[in-house]
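Engineer: attaching a predicted model along with its sequence, questions to come.
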Amino acid sequence: MPMGRRNFRELPINSLIPNMLTTLALCAGLTSVRFALEGRWEMSVAAILAAGVLDGLDGRMARLLKGSSKFGAELDSLSDFVSFGVAPALVLYLWTLNTGLGGLGWIIALIFTVSCGLRLARFNAMMDDDVPEWEGRYFTGIAAPAGASISLLFMVISFYADTDFFRSDILNAGWLLFMAFLMASRIPTFSIKRVRIPRKYIIAMLMVVGGLAAVMASYPWELLTVIALVYLGTIPFAIATHKRLAKEEATKEARKSENVTDLESSDAKK
């Protein structure tokens with residue numbers, strides 16, 4: 001066998017780990033639909049959350065193991081679309097949208113799925129754009145995993161609230177449309193990937209994580225509700241800080257342009 005072909009066909013296991021995680025995320029997203037068909041709603045939500053965790057790990061593992069590839073990027077986009085665009089829409093449709101809204105509920109589910117697809121396509125198209133360093137702290141529109149998880153907010157609340165109000169088809173339809181808008185919009189949201197913790201706060205951060213783990217074990221759905229609401233509460237701050245930084249960047253560019261003009265005028269006089 002030629003050496004070139006052998007090297008091409010044999011890959012180290014490290015380079016496949018990110019793709020394995022992405023495949024597991026895809027399987028988790030599809031499994032959430034199976035749980036929904038069986039009426040196991042809590043497991044359905046848990047599967048979508050698991051897909052979100054795996055989606056966050058595969059990119060980091062690819063960078064850590066230097067296993068990034070175009071194939072992996074395409075697989076990741078497919079997994080994101082299925083797990084965070086198709087699966088939540090189907091789960092909510094089966095849970096409540098099909099009961100009172102019928103065909104309209106299906107249309108709303110489709111709108112959410114299409115919005116997620118458009119958001120992912122825009123994200124991929126913008127990856128090669130040259131942007132200022134500060135721009136990397138923000139997503140354009142709400143991230144797909146966050147959008148999928150928060151779209152299930154009222155389902156999560158219904159797990160511990162002793163009322164059928166949160167299963168309302170009208171309420172969930174409106175919420176799903178709102179989340180579709182947030183994903184497809186150009187509203188800036190904070191990127192958790194770029195958050196850095198100062199060394200002096202690392203111990204405190206680990207203690208907080210341990211406390212959250214304890215709360216998650218006892219009150220998982222309540223904690224997820226709080227996390228979703230806190231995340232939504234950060235959006236106005238993201239908009240304000242993004243606007244301020246964009247204004248500062250525009251001011252810097254204007255000053256550079258003025259300096260160049262002054263130099264050209266000075267050279268012309270000489």
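Structural biologist: Received it, and whenever you're ready, just let me know what you need.

Engineer: and the lengthiest helix in the chain, average pLDDT?
Structural biologist: When the chain is parsed with DSSP state H, its longest helix is helix 220-269. For helix 220-269, mean pLDDT rounds to 81.

Engineer: now stretch 137-147
Structural biologist: Rounded mean pLDDT across stretch 137-147 is 89.

Engineer: got the CA positions of that stretch in PDB?
Structural biologist: What follows is stretch 137-147, C-alpha atoms only, in PDB (Å, rounded to 0.1, in the frame of the first residue of the first chain):
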ATOM      1  CA  ARG A 137     -16.900  38.700  23.200                       C
ATOM      2  CA  TYR A 138     -20.300  38.800  21.700                       C
ATOM      3  CA  PHE A 139     -22.600  36.500  19.600                       C
ATOM      4  CA  THR A 140     -24.800  37.900  16.900                       C
ATOM      5  CA  GLY A 141     -28.200  36.800  18.100                       C
ATOM      6  CA  ILE A 142     -28.700  34.300  20.900                       C
ATOM      7  CA  ALA A 143     -26.600  31.200  20.600                       C
ATOM      8  CA  ALA A 144     -28.400  28.100  19.300                       C
ATOM      9  CA  PRO A 145     -27.800  25.900  22.400                       C
ATOM     10  CA  ALA A 146     -29.100  28.700  24.600                       C
ATOM     11  CA  GLY A 147     -32.000  29.400  22.300                       C
END
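
Engineer: give me the distance from the longest helix of the chain to the chain's centre.
Structural biologist: Taking Cα atoms, centre = their mean, to the nearest Å, the mean C-alpha location of helix 220-269 is offset from the chain mean by 21 Å.

Engineer: go on, stretch 136-146?
Structural biologist: 6 Å.

Engineer: tell me how far the ends of that stretch are from each other?
Structural biologist: Using Cα to Cα, to the nearest Å, the end-to-end distance of stretch 136-146 comes to 17 Å.

Engineer: report the buried residues of it.
Structural biologist: Buried positions in stretch 136-146, judged by neighbour count with 16 or more other Cβ atoms under 10 Å: R137, Y138, F139, T140, G141, I142, A143, A144, P145, A146. Just so you know, the C-beta spots here come from the backbone N, C-alpha and C atoms, and that holds for glycine as well.

Engineer: which residues touch the first one?
Structural biologist: This points to R137. Taking Cβ atoms under 8 Å, 6 or more residues apart in numbering, we find R137 in contact with F190, S191, R194.

Engineer: likewise the last one?
Structural biologist: With contacts defined as Cβ under 8 Å, 6+ apart, the neighbours of A146 are G52, T189, Y231.

Engineer: who wins for neighbours among the residues you listed?
Structural biologist: When neighbours are counted by other Cβ atoms under 10 Å, T189 leads those with 24 neighbours.

Engineer: secondary structure element holding that one?
Structural biologist: Assigned by DSSP states H and E, T189 belongs to strand 188-190.

Engineer: how about L30?
Structural biologist: For L30, the host element (DSSP H and E) is helix 13-37.

Engineer: what about that helix, average pLDDT?
Structural biologist: On average, helix 13-37 scores 89.

Engineer: mind listing what's buried in it?
Structural biologist: By neighbour count on 16+ other Cβ under 10 Å, the buried set for helix 13-37 is 17-19, 21-22, 24-33, 35-36.

Engineer: with that, I have no additional questions.
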